[in-house]
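turn this into a structure:
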Amino acid sequence: MIKVRSTEEVELMRESGRLVAGALDLAGRLIEPGVTTGRIDGEIEDYIRSNGATPEFKGFSGYPAATCVSVNEQVVHGIPGDRVLVSGDIVGIDVGVRKEGYVGDGARTFAVGDVSEGALKLMRATSLALDAGLAVVSVGVHLSDVSHAIQRVAEDAGFSIVRELAGHGVGTELHEPPEIPNYGPPGRGPVLEEGMTLAIEPMVNAGTAEVKTLEDGWTVVTADGSLSAHFEHSVAVTSNGADVLTVMTG
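Sure thing, here's the model as predicted:
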(Lines give C-alpha, C1' and ligand atoms only; values in the text may rest on other atoms or scores of the structure.)
Protein backbone atom coordinates (compact mmCIF):
# COMPACT_ATOMS: atom_id res chain seq x y z
CA MET A 1 0.00 0.00 0.00
CA ILE A 2 1.25 3.48 -0.87
CA LYS A 3 1.27 5.67 2.22
CA VAL A 4 -0.29 9.12 2.23
CA ARG A 5 1.47 11.66 4.45
CA SER A 6 -0.08 14.44 6.47
CA THR A 7 1.00 18.06 6.04
CA GLU A 8 3.04 17.75 9.23
CA GLU A 9 4.82 14.64 7.97
CA VAL A 10 5.65 16.31 4.66
CA GLU A 11 7.20 19.22 6.56
CA LEU A 12 9.38 16.82 8.54
CA MET A 13 10.46 15.23 5.26
CA ARG A 14 11.20 18.70 3.90
CA GLU A 15 13.73 19.25 6.69
CA SER A 16 15.47 15.97 5.86
CA GLY A 17 15.33 16.92 2.19
CA ARG A 18 16.88 20.29 2.90
CA LEU A 19 19.85 18.51 4.46
CA VAL A 20 20.11 16.22 1.42
CA ALA A 21 20.30 19.32 -0.78
CA GLY A 22 22.90 20.87 1.53
CA ALA A 23 24.98 17.71 1.42
CA LEU A 24 24.86 17.66 -2.38
CA ASP A 25 25.80 21.33 -2.52
CA LEU A 26 28.78 20.48 -0.29
CA ALA A 27 29.74 17.65 -2.62
CA GLY A 28 29.70 20.09 -5.53
CA ARG A 29 32.15 22.34 -3.70
CA LEU A 30 34.44 19.44 -2.81
CA ILE A 31 34.57 17.70 -6.16
CA GLU A 32 37.74 18.50 -8.09
CA PRO A 33 40.70 16.60 -9.50
CA GLY A 34 42.79 15.10 -6.71
CA VAL A 35 40.07 14.66 -4.09
CA THR A 36 39.27 11.14 -2.89
CA THR A 37 35.80 9.68 -2.85
CA GLY A 38 36.37 8.87 0.83
CA ARG A 39 36.95 12.52 1.70
CA ILE A 40 33.67 13.49 0.04
CA ASP A 41 31.88 10.81 2.03
CA GLY A 42 33.49 11.85 5.33
CA GLU A 43 32.68 15.52 4.94
CA ILE A 44 29.09 14.80 3.98
CA GLU A 45 28.66 12.53 6.99
CA ASP A 46 30.06 15.25 9.26
CA TYR A 47 27.65 17.78 7.73
CA ILE A 48 24.64 15.53 8.24
CA ARG A 49 25.48 14.70 11.85
CA SER A 50 26.33 18.31 12.70
CA ASN A 51 22.74 19.18 11.73
CA GLY A 52 21.24 16.72 14.19
CA ALA A 53 20.48 14.05 11.60
CA THR A 54 21.88 10.67 10.61
CA PRO A 55 23.09 9.34 7.24
CA GLU A 56 20.36 6.90 6.24
CA PHE A 57 22.57 4.81 3.98
CA LYS A 58 25.18 3.93 6.60
CA GLY A 59 24.44 0.42 7.79
CA PHE A 60 21.41 0.08 5.48
CA SER A 61 21.46 -3.65 4.62
CA GLY A 62 25.12 -3.53 5.67
CA TYR A 63 26.19 -0.66 3.41
CA PRO A 64 29.47 0.68 4.85
CA ALA A 65 29.38 4.41 4.05
CA ALA A 66 27.24 7.52 4.47
CA THR A 67 26.99 8.23 0.75
CA CYS A 68 27.11 6.39 -2.55
CA VAL A 69 29.85 7.82 -4.79
CA SER A 70 29.66 6.35 -8.29
CA VAL A 71 32.33 7.27 -10.85
CA ASN A 72 32.04 7.04 -14.65
CA GLU A 73 30.70 3.56 -15.55
CA GLN A 74 29.43 3.04 -11.99
CA VAL A 75 25.66 3.49 -12.15
CA VAL A 76 24.82 3.56 -8.44
CA HIS A 77 25.97 2.30 -5.01
CA GLY A 78 29.67 3.03 -5.52
CA ILE A 79 31.47 2.61 -2.19
CA PRO A 80 33.68 5.63 -1.36
CA GLY A 81 37.28 5.05 -0.40
CA ASP A 82 40.79 5.79 -1.65
CA ARG A 83 39.89 6.43 -5.29
CA VAL A 84 41.24 9.79 -6.47
CA LEU A 85 39.06 11.75 -8.89
CA VAL A 86 40.73 12.97 -12.07
CA SER A 87 39.75 15.57 -14.64
CA GLY A 88 37.31 14.05 -17.11
CA ASP A 89 35.50 11.88 -14.57
CA ILE A 90 31.82 12.23 -13.85
CA VAL A 91 30.66 11.29 -10.36
CA GLY A 92 27.19 10.55 -9.03
CA ILE A 93 26.59 11.42 -5.38
CA ASP A 94 23.56 9.81 -3.72
CA VAL A 95 22.63 10.92 -0.19
CA GLY A 96 19.99 9.79 2.29
CA VAL A 97 19.23 11.71 5.50
CA ARG A 98 17.02 10.74 8.43
CA LYS A 99 15.86 13.40 10.88
CA GLU A 100 13.06 13.09 13.42
CA GLY A 101 12.08 9.76 11.92
CA TYR A 102 11.67 10.89 8.30
CA VAL A 103 13.91 10.33 5.31
CA GLY A 104 15.04 12.49 2.40
CA ASP A 105 16.81 10.91 -0.60
CA GLY A 106 18.49 12.70 -3.49
CA ALA A 107 21.30 12.47 -6.03
CA ARG A 108 23.20 14.53 -8.57
CA THR A 109 25.94 13.79 -11.07
CA PHE A 110 28.89 16.18 -11.20
CA ALA A 111 31.65 16.85 -13.70
CA VAL A 112 35.24 16.66 -12.46
CA GLY A 113 37.38 19.28 -14.18
CA ASP A 114 37.06 19.24 -17.96
CA VAL A 115 34.79 16.47 -19.21
CA SER A 116 33.87 15.38 -22.72
CA GLU A 117 30.96 16.84 -24.61
CA GLY A 118 29.43 13.36 -24.61
CA ALA A 119 29.57 13.24 -20.82
CA LEU A 120 27.98 16.68 -20.56
CA LYS A 121 25.23 15.64 -22.95
CA LEU A 122 24.53 12.53 -20.87
CA MET A 123 24.35 14.54 -17.65
CA ARG A 124 22.05 17.14 -19.22
CA ALA A 125 19.74 14.50 -20.64
CA THR A 126 19.46 12.69 -17.31
CA SER A 127 18.71 15.91 -15.44
CA LEU A 128 16.10 16.84 -18.06
CA ALA A 129 14.58 13.36 -17.81
CA LEU A 130 14.13 13.89 -14.07
CA ASP A 131 12.58 17.30 -14.75
CA ALA A 132 10.19 15.69 -17.23
CA GLY A 133 9.11 13.11 -14.69
CA LEU A 134 8.60 15.75 -12.02
CA ALA A 135 6.54 17.87 -14.40
CA VAL A 136 4.02 15.04 -14.76
CA VAL A 137 3.56 14.41 -11.02
CA SER A 138 0.13 15.58 -9.87
CA VAL A 139 -2.99 14.29 -8.18
CA GLY A 140 -4.94 12.02 -10.52
CA VAL A 141 -2.17 10.96 -12.90
CA HIS A 142 -1.01 7.38 -13.23
CA LEU A 143 2.40 6.48 -11.83
CA SER A 144 3.48 5.12 -15.21
CA ASP A 145 2.90 8.57 -16.74
CA VAL A 146 5.95 9.66 -14.74
CA SER A 147 7.94 6.64 -15.92
CA HIS A 148 7.00 7.24 -19.54
CA ALA A 149 8.00 10.91 -19.45
CA ILE A 150 11.44 10.02 -18.10
CA GLN A 151 11.99 7.33 -20.72
CA ARG A 152 10.94 9.56 -23.60
CA VAL A 153 13.41 12.33 -22.78
CA ALA A 154 16.37 10.02 -22.14
CA GLU A 155 15.84 7.86 -25.20
CA ASP A 156 15.06 10.79 -27.49
CA ALA A 157 18.51 12.12 -26.54
CA GLY A 158 20.07 8.84 -27.69
CA PHE A 159 20.67 7.21 -24.31
CA SER A 160 19.50 4.08 -22.48
CA ILE A 161 17.35 3.78 -19.36
CA VAL A 162 18.53 1.31 -16.72
CA ARG A 163 15.69 -1.16 -16.21
CA GLU A 164 16.91 -3.26 -13.29
CA LEU A 165 16.80 -0.27 -10.90
CA ALA A 166 13.97 2.10 -10.08
CA GLY A 167 12.73 4.95 -7.95
CA HIS A 168 10.56 4.26 -4.93
CA GLY A 169 8.32 5.60 -2.24
CA VAL A 170 10.07 7.29 0.66
CA GLY A 171 8.95 8.45 4.10
CA THR A 172 9.64 6.80 7.42
CA GLU A 173 11.66 4.19 5.50
CA LEU A 174 14.17 4.70 2.73
CA HIS A 175 12.39 2.30 0.38
CA GLU A 176 8.61 2.12 0.51
CA PRO A 177 5.94 1.22 -2.07
CA PRO A 178 5.57 1.96 -4.90
CA GLU A 179 8.45 0.96 -7.15
CA ILE A 180 8.85 3.65 -9.81
CA PRO A 181 10.41 2.35 -13.06
CA ASN A 182 12.00 4.88 -15.37
CA TYR A 183 10.36 3.39 -18.46
CA GLY A 184 7.02 2.04 -19.62
CA PRO A 185 3.77 3.00 -21.32
CA PRO A 186 1.58 5.77 -19.88
CA GLY A 187 -1.78 5.31 -18.21
CA ARG A 188 -0.95 2.36 -15.98
CA GLY A 189 -0.33 1.64 -12.34
CA PRO A 190 -1.57 3.45 -9.22
CA VAL A 191 -3.22 6.85 -9.46
CA LEU A 192 -1.31 9.48 -7.50
CA GLU A 193 -2.99 11.03 -4.46
CA GLU A 194 -2.30 14.15 -2.42
CA GLY A 195 0.38 13.45 0.18
CA MET A 196 2.09 10.50 -1.47
CA THR A 197 5.86 10.92 -1.18
CA LEU A 198 8.13 9.57 -3.88
CA ALA A 199 11.83 9.38 -4.74
CA ILE A 200 12.12 9.76 -8.50
CA GLU A 201 15.54 8.87 -9.89
CA PRO A 202 16.42 8.24 -13.53
CA MET A 203 19.63 6.29 -14.11
CA VAL A 204 20.75 6.74 -17.71
CA ASN A 205 23.58 5.05 -19.62
CA ALA A 206 25.52 6.31 -22.63
CA GLY A 207 25.66 2.80 -24.10
CA THR A 208 23.68 -0.33 -23.36
CA ALA A 209 20.97 -0.37 -20.73
CA GLU A 210 22.45 -3.57 -19.31
CA VAL A 211 24.15 -3.45 -15.91
CA LYS A 212 25.97 -5.82 -13.56
CA THR A 213 26.94 -5.79 -9.89
CA LEU A 214 30.58 -6.04 -8.86
CA GLU A 215 31.99 -8.55 -6.38
CA ASP A 216 31.65 -6.06 -3.51
CA GLY A 217 27.92 -6.81 -3.70
CA TRP A 218 27.00 -3.13 -4.03
CA THR A 219 28.56 -1.31 -6.96
CA VAL A 220 26.37 -1.46 -10.07
CA VAL A 221 28.21 -0.75 -13.34
CA THR A 222 27.27 -0.54 -17.00
CA ALA A 223 27.79 -3.89 -18.73
CA ASP A 224 29.72 -2.29 -21.59
CA GLY A 225 31.80 0.15 -19.52
CA SER A 226 30.00 3.21 -20.87
CA LEU A 227 29.30 6.28 -18.73
CA SER A 228 26.21 6.51 -16.54
CA ALA A 229 24.46 9.46 -14.86
CA HIS A 230 21.98 9.64 -11.96
CA PHE A 231 19.75 12.43 -10.66
CA GLU A 232 17.10 12.14 -7.94
CA HIS A 233 14.61 14.21 -5.96
CA SER A 234 12.19 13.32 -3.18
CA VAL A 235 8.78 14.89 -3.78
CA ALA A 236 5.31 15.12 -2.30
CA VAL A 237 2.32 14.82 -4.62
CA THR A 238 -0.03 17.83 -4.63
CA SER A 239 -2.89 19.05 -6.81
CA ASN A 240 -0.49 21.74 -8.03
CA GLY A 241 2.17 19.24 -9.08
CA ALA A 242 5.32 17.91 -7.46
CA ASP A 243 6.41 19.61 -4.25
CA VAL A 244 10.17 19.00 -4.41
CA LEU A 245 11.47 18.34 -0.91
CA THR A 246 15.20 17.89 -1.61
CA VAL A 247 15.99 21.57 -2.13
CA MET A 248 17.41 24.28 0.10
CA THR A 249 14.73 26.42 1.75
CA GLY A 250 14.83 29.57 3.84
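
okay, buried residues for stretch 140-149 please.
For stretch 140-149, a neighbour-count test (16 or more other C-beta atoms under 10 Å) marks 141, 142, 143, 144, 145, 146, 147, 148, 149 as buried. All C-beta spots, glycine's among them, are computed from the backbone N, C-alpha and C.

wait, stretch 148-162
Of the residues in stretch 148-162, those buried (16+ other C-beta under 10 Å) are 148, 149, 150, 151, 152, 153, 154, 155, 159, 160, 161, 162.

the closest residue to residue 176 other than its chain neighbours and residue 180, how far apart?
Closest residue to residue 176 in three dimensions, ignoring its sequence neighbours and counting by C-beta to C-beta, 6 or more residues apart in numbering: residue 169, at 3.6 Å. When C-beta to C-beta, to the nearest Å is applied, the distance between residue 169 and residue 180 equals 8 Å.

which residues do these two both contact?
Taking C-beta atoms under 8 Å, 6 or more residues apart in numbering as the contact definition, residue 169 and residue 180 share the neighbouring residues 198, 199.

any idea how many residues pack against residue 34?
For residue 34, the neighbour count with other C-beta atoms under 10 Å is 11.

got the contact list for it?
So, once contact is read as C-beta under 8 Å, 6+ apart, residue 34 ends up touching 84, 85, 86.

for it, helix, strand, or coil?
Under DSSP: H, G, I helix; E, B strand; the rest coil, the three-state class of residue 34 is coil.

would you tell me which helix is longest in this structure?
For the chain, the longest helix by residue count, based on DSSP state H, is helix 7-30.
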